[in-house]
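Colleague: Got a sequence here, can you build the structure:
(one chain, ligands or ions: 1)
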Amino acid sequence: MRLMEDELFPSTPGKFKIERAHTINRQFHRCFASTSTMFLWALFLIALTASYLSFQSFVDTSSRYFNASWGGMHWEKQIRASATPRRPGGVSVLVTGAAGFVGTHVSLALRKRGDGVVGLDNFNSYYDPSLKKARNALLTSHGVFVVEGDINDARLLAKLFDVVPFTHVMHLAAQAGVRYAIENPASYVHSNIAGLVTLLEACKSADPQPAIVWASSSSVYGLNEKAPFSEADRTDRPASLYAATKKAGEGITHTYNHIYGLSITGLRFFTVYGPWGRPDMAYFSFTRNILQGKPITVYSGKNHVDLARDFTYIDDIVKGCVASLDTAHKSTGSGGRKRGPAQYRIFNLGNTSPVTVPALVGILERHLKVKAKRHMVEMPGNGDVPFTHANISSARTELGYNPTTNLEAGLKKFVKWYLSYYGYNPRSGGGATKASKSL
Ligand SMILES: O=C(O)[C@H]1O[C@H](OP(=O)(O)OP(=O)(O)OC[C@H]2O[C@@H](n3ccc(=O)[nH]c3=O)[C@H](O)[C@@H]2O)[C@H](O)[C@@H](O)[C@H]1O
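Modeller: As a prediction, the model looks like this:
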């Protein structure tokens, strides 16, 4: 209090100066002390944040190296080796869904002619993952490395494009199956829409941008009745969520083509079948049930009209896929910027001769030498369409696509593979030994 009075009313100017100088000094010290405290606090906080971030990055890195299935120098070396073409002019392709049915066959075909192939697959359990592992073992034995990962993992995709300048992406990863969409609709949105967008984002940002060939579906024709189905026909009446997500994929890929200059080729596959096929599909599950002496459910359409499909053999589809890669133009953008208009194509890949489901069962019975126990049921309203029939003139002209395997010949090859893969024990009522355990 005294001090304050002295400060306010100094008795002499000198006193004022001295007192004032002391006071300023004290204030300065106080102020300096508080500034340096603040400075120390700030330093402390910065150090704390930095150590938190480096701890996070340590956790992240170690979890990647020790728990997750990708990352590290050895991993990158494997990717580079697998991506390197072994022929002059060979391409370097990232195949998504490589441990899937079509993915395995396309990867093998590319590898066999000397192209570089890196696979990506999440090995999900939509159907028996041991079949996917067996396909993976086949790919590994041919020098194709498959990364275990999801197309929704943007960091993984960025890393892959960082390690390899892929010339092409063969995008076959998807949630397949028409009727399963009733049970698990979210899985279709997750893989066929969100996953597709994540992949396209990675492709658009890559430098160089790859050309993309991807699997659409005959199901986009939905309630279309005009036959055979041409690419120009209506596709705005899907009958299942699966079909709707594939149709959405065609729109989404068009957007990335338009904005970023990505070269896009969409392939509408028509009920693909063959060795190493999908156990959820009719020809496969019918085979298993027939061999095990179990009944099969055969759907029929309205007024007891048989359902029919333009079943297409895997080798023909592979030729269509490879021809699409070979005729794809380069993307025109780079690093997320478009530099000119890019190619956008859609092709039907079918067989052009629909076969009814009862006729399919008849062929299986002949090849298996076992009579099926048919259980005829009216087609439930769960996404099926009465028939599919492809017009393939466009693919013929532009890709040189020419399917040569009819259902009879194709199923013969499938049955041969099935029996060799799962084994067959006629004394146990025709059961496929491995199949009965794992499917
Ligand atoms: O082209 C496509 O875009 C799609 O082809 C395939 O779908 P679909 O043509 O429906 O093949 P699939 O299930 O083998 O049924 C064949 C027939 O058997 C009938 N079917 C089926 C099961 C059954 O228990 N009984 C039966 O009669 C059934 O009603 C149908 O008439 C792919 O699975 C799909 O992922 C997609 O790629």
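Colleague: Next to the ligand, which bits of this protein? Give me the list.
Modeller: Counting by C-beta under 6 Å from any ligand atom, the residues of the chain close to the ligand are 176-178, 217-219, 269-271, 281-282, 297-299, 307, 309, 357, 384. The way it works is simple: take the backbone N, C-alpha and C, and place the C-beta from them, glycine included.
Colleague: one more time with 5 Å, if that's ok
Modeller: Near the ligand, the residues belonging to the chain are 176, 178, 217-219, 270-271, 281-282, 297-299, 307, 309, 357, 384 when assessed by C-beta under 5 Å from any ligand atom.
Colleague: Any of these buried? List them.
Modeller: Of the members of these, the ones counted as buried by neighbours, 16 or more other C-beta atoms under 10 Å, are 176, 178, 217-219, 270-271, 281-282, 298-299, 307, 309, 357, 384.
Colleague: Let's see which of those residues end up in strands.
Modeller: 217, 298-299, 309 (DSSP state E).
Colleague: Give me the neighbour count for Gly301.
Modeller: 17 (other C-beta atoms under 10 Å).
Colleague: For the closest residue to the ligand within the stretch 101-250 of the chain, give the beta-bridge partners.
Modeller: Ranked by C-beta to the nearest ligand atom, the top residue of the stretch 101-250 of the chain for proximity to the ligand is Ser217, at 3.3 Å. Beta-bridge partners recorded for Ser217 (DSSP bridges): Phe269.
Colleague: OK, contacts around it?
Modeller: Shown in contact with Ser217 (C-beta atoms under 8 Å, 6 or more residues apart in numbering): 242-243, 246, 268-269.
Colleague: how about 7 Å then?
Modeller: 243, 246, 268-269 (C-beta atoms under 7 Å, 6 or more residues apart in numbering).
Colleague: Mind giving me the ChimeraX select for those, buried ones only?
Modeller: Filtering the contacts of Ser217 down to the buried ones (16+ other C-beta under 10 Å) takes a single ChimeraX command:
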select :243,246,268,269
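Colleague: Dump the contacts of Ser217 into a markdown table; add pLDDT as well.
Modeller: A markdown table is the format used below for those (pLDDT from 0 to 100):
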| residue | pLDDT |
| --- | --- |
| Ala243 | 98 |
| Lys246 | 98 |
| Arg268 | 99 |
| Phe269 | 99 |
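Colleague: I'd like to know which of the contacts of Ser217 is nearest to Thr332.
Modeller: The nearest member of the contacts of Ser217 to Thr332, counting by C-beta to C-beta, is Arg268 at 24.5 Å.
Colleague: which regions of the chain sit below the pLDDT cut-off?
Modeller: Where the chain drops to pLDDT under 70, the residues are 1-36, 39, 48-68, 425-439.
Colleague: Just want the most central residue of it.
Modeller: By C-alpha atoms, centre = their mean, the mean C-alpha position of the chain lies nearest to Ala173, the distance being 2.7 Å.
Colleague: so how far is Cys321 from that one?
Modeller: In this view, Ala173 and Cys321 are 14 Å apart by C-beta to C-beta, to the nearest Å.
Colleague: again with His304
Modeller: In terms of C-beta to C-beta, His304 sits 37 Å off from Cys321.
Colleague: neighbour count winner among these two?
Modeller: Higher neighbour count among His304 and Cys321: Cys321, with 28 against 8, using other C-beta under 10 Å.
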